[in-house]
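J.: Quick one: sequence and predicted model below, then my questions.
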Amino acid sequence: MQTIFEQIAGCAGNVLGMSSRIMRPAIVLGSILLIASLHYPAQAATSVTLAWTPSLSPDTAGYNIYYGVTNGIYPQMVNVGNATNATISGLTGGMTYYFAATTYNSLGLQSVYSSQTNYALPATLTRLQIRAAPAGMFTLTVTGPIGQTNEILATKDFKVWTAIGTMTVGAGGTFVFTDTNTANYPICFYRTQEVP
């Protein structure tokens with residue numbers, strides 16, 4: 001089995017390959033080629049797309065993809081039917097995920113796991129954009145991992161930072177915060193800080 005990883009970030013891409021062998025049980029499992037593509041758009045929804053060559057067994061009815069964050073332990077499973085690719089969503093940036101595939105026949109008998117493949121997802125970074133709003137206010141748009149809570153901090157002198165709000169990144173991968181006090185300060189700087 002050859003495993004190929006492709007990281008996609010905008011137009012740039014890196015590809016590296018490695019080869020390993022899979023077990024070929026007599027019942028169902030043919031060779032499976034897993035290809036992992038990482039997608040992390042601006043809204044920080046992290047997913048991996050896996051693809052494989054179809055099993056050579058005429059009795060193959062479908063495929064299961066198993067995955068988890070511990071080497072050799074797969075608490076999550078996705079049944080993808082007879083498709084030869086699957087996108088696994090809702091993964092956490094900065095974690096290494098381990099994947100294995102099985103095939104099953106029309107009686108529901110399942111093969112042993114294919115060789116494991118793993119992928120270290122890059123940490124999803126939080127971005128802050130600032131725009132002027134009416135009446136001297138500023139609107140801050142924070143993009144980051146869904147569900148992450150961030151404090152909005154402001155300073156006039158880079159010595160004392162004051163929390164001016166706390167927001168959680170929603171399903172769209174962003175939240176918008178308007179600082180209504182900026183008219184009171186001639187200069188103000190902002191940053192975000194993840195709340196553990």
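T.: Structure received.

J.: Let me see the domain layout of the chain.
T.: 2-120, 127-194 (automatic domain parsing).

J.: Please identify the deepest-packed of the ones you listed.
T.: domain 2-120 (a mean of 16; mean count of other C-beta atoms under 10 Å). C-beta: built from backbone N, CA, C; applies to glycine.

J.: Tell me which residues are up against whichever strand or helix holds residue 89.
T.: Assigned by DSSP states H and E, residue 89 belongs to strand 85-91. Residues from elsewhere that reach strand 85-91 (C-beta atoms under 8 Å, 6 or more residues apart in numbering): 45-52, 63, 65, 67, 76, 78, 80, 97, 99, 121.

J.: swap the cut-off to 6 Å and go again
T.: Strand 85-91 has contacts (C-beta atoms under 6 Å, 6 or more residues apart in numbering) with 46-51, 65, 78, 80, 121.

J.: do the same with stretch 143-152
T.: By C-beta under 6 Å, 6+ apart, the residues outside stretch 143-152 that reach it are 42, 44, 124, 126-127, 142, 163-166, 168-169, 173-174, 177, 192-195.

J.: and with 8 Å instead?
T.: Under C-beta under 8 Å, 6+ apart, the answer for stretch 143-152 is 42-46, 92-93, 124-127, 129, 140, 142, 163-171, 173-175, 177, 179, 190, 192-195.

J.: Tell me which of the residues you listed fall in strands.
T.: 46, 127, 129, 140, 142, 163-168, 174-175, 177, 179, 190, 192-194 (DSSP state E).

J.: Residue 138 is in contact with residue 188, isn't it?
T.: Yes. Using C-beta atoms under 8 Å, residue 138 is in contact with residue 188, at 7.5 Å.

J.: joint contacts of the two?
T.: Shared contacts of residue 138 and residue 188 (C-beta under 8 Å, 6+ apart): 179, 182.

J.: Tell me where the protein has helices.
T.: Applying DSSP state H to the chain gives no helices.

J.: need the helix or strand of it with the lowest average pLDDT.
T.: The weakest-scoring helix or strand in the chain, judged by mean pLDDT, DSSP states H and E, is strand 12-19 (a mean of 28).

J.: For stretch 90-109, give the distance from the opening residue to the closing one.
T.: 29 Å (C-alpha to C-alpha, to the nearest Å).
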